[in-house]
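Asker: What would the 3D arrangement of this be:
(one chain, ligands or ions: 1)
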Amino acid sequence: MAINSACNEIGQTWMESGVSENAVSGHIQLMVPGKLACFSCAPPLVVASEIDERTLKREGVCAASLPTTMGIVAGLLVQNALKHLLNFGQVSACLGYNAMKDFFSLMVLQPNPSCSDSWCLKQQEQYLQKAKAEEKNRAAVGGGEPEEDVPLHAENEWNIVVEDDPVESVPEESELHEAKNKPAEGLKFEFEQAKSSVNDDELVADSEQDIGELMSQLNNLK
Ligand SMILES: [Zn+2]
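Answerer: Model prediction:
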C-alpha cells in the first residue's frame, strides 16, 4: 500500500504480482496512475475485507505447488516488465493465471472513482483532463472527424468490463481421435509412434516348445 501511495503521488507506472493462498492461482497487474486501477482501487479480498488471512485457509489444499506457481507468476511479471521497458509485444494490464485448469484471464481494470487513495483520485482527474485536451486537439486537427478507437461509453461509473465468451467448437469424433494422437500446433514428435497393428508376414511362428524348454535353451547359449 505504501508503494502504491508513493507511485500515485509521483505518477509512477509500476507492476505488482500475487499468488493466492491456495497456491494454485496468481496474477500480475500493471498500474498506470489515473489511467488504470491502482492497488487501492481494487485490492485483493483479504486486504479489502480486512479478514485475517489465517481464516481463509482451506482444508485439503496442498501448498507444495506454491514455489512453482510463484516462479510462473514471477516469470510472467518479468516478461511484462520487459515488454513495457523495451517496448515490444502487448503489455498486459491485468493477467490472471489459474494453475488448476491452466486458464489465463486478461482484463483491464478501470480506476475506481471512489478510491481510498487521494493521490489516485487526483491522478484520475489529471488523466481525464489530459484525455479531454487531447481529444480537443485531435478534433481541431482532424476537422472533427470521429476517431475509430473512441470507446462506446465515455463514462463507466461501475467499471463494467465486457469480455468475449470463449468459443468452444465441438469437434467430430474422428477429429477427436486424430487430435488425441496429434501434438499441439508448433510441436512434433521426435520419432514415429509404434504401429499398433502388425502384418501377418512380420509375425514369428509360434513354436510348440513350452517356456521351460526355451529357458534352458537360452541358458545353454550363455
Ligand atoms: Zn486507486
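
Asker: List the neighbours of the longest helix seen in the chain that are in contact with it.
Answerer: In the chain, with assignment by DSSP state H, the single longest helix is helix 118-141. If you take Cβ atoms under 8 Å, 6 or more residues apart in numbering as the criterion, helix 118-141 is touched by 5, 8-9, 11, 33-35, 38, 40-41, 111-113, 115, 147. Using the backbone N, CA and C atoms, a C-beta is placed for each residue, glycine as well.

Asker: Repeat the analysis, applying 6 Å as the threshold.
Answerer: Contact with helix 118-141 is made by 8, 9, 33, 34, 35, 38, 111, 115, as judged by Cβ atoms under 6 Å, 6 or more residues apart in numbering.

Asker: Likewise for stretch 31-38?
Answerer: Contacts of stretch 31-38 (Cβ under 6 Å, 6+ apart): 4, 8, 11, 13-14, 93, 109, 111, 120, 123-124, 126-127.

Asker: what does the average pLDDT come to for it?
Answerer: Averaging pLDDT along stretch 31-38 gives 94.

Asker: tell me how far the ends of that stretch are from each other?
Answerer: This stretch, stretch 31-38, spans 6 Å end to end (Cα to Cα, to the nearest Å).

Asker: Would you mark the buried spots in that stretch?
Answerer: Using 16 or more other Cβ atoms under 10 Å as the test for burial, stretch 31-38 gives 31, 32, 33, 34, 35, 36, 37, 38.

Asker: out of those, which touch the ion?
Answerer: residue 38 (Cβ under 5 Å from the ion).

Asker: ok, back up a step: ok, and of the contacts of stretch 31-38, which contact the ion?
Answerer: Checking the contacts of stretch 31-38 against the ion by Cβ under 5 Å from the ion, the ones in range are residue 120.

Asker: Good, we can wrap up now.
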